[in-house]
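Peer 1: Take a look and give me a structure for this.
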Amino acid sequence: MSDKRVHTIDASGKILGRLAAEIAILLQGKHRPNYAPYLSSMDEVIVINTSKIKTTGKKGEQKRYYRHSGYLGGIKETIYKDEFSKDPNGVLRRAVYGMLPRNKLRVKMMRRLKLFKENAEN
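Peer 2: Next up is the predicted model:
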């Protein structure tokens, strides 16, 4: 897996989960003929226009994100709509992170993911 490729994806109008699954496959290297789960594919993924990602159904009001401070009663929850308006890159990053395998390579794969709210040419 010596040759490094850069994949550029325009996220405008794409569904969040389907886009995250596509990115996870590229970061893992599953699209390559010499894929092995214990090897890192050095491919880099650049996603532009993350602020134009779509969702289906009522996810804007019903989908929730949770985090915990570690203290008793320290659970916090935010709605997808609020999280997306604050940081669309964070929503996509969290979706891709959850789709990658839970091993030592996950952090290395996430470092090769570059997200941009708007197109760099605009």
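
Peer 1: Check whether residue 54 really touches residue 11, as I assumed.
Peer 2: No: in this structure, residue 54 is not within contact of residue 11 by C-beta atoms under 8 Å, at 9.3 Å. The C-beta positions use only the backbone N, C-alpha and C, and glycine is treated the same way.

Peer 1: Specify which residue of the two has the higher count of neighbours.
Peer 2: Neighbours were counted for residue 54 and for residue 11 using other C-beta atoms under 10 Å; residue 11 has more, 22 against 13.

Peer 1: Just to check, the more buried one is in contact with residue 46?
Peer 2: No: contact criterion C-beta under 8 Å: residue 11 and residue 46 do not qualify, at 10.5 Å.

Peer 1: and the gap between residue 56 and residue 18?
Peer 2: Look at residue 56 and residue 18: by C-beta to C-beta, to the nearest Å, they are 10 Å apart.
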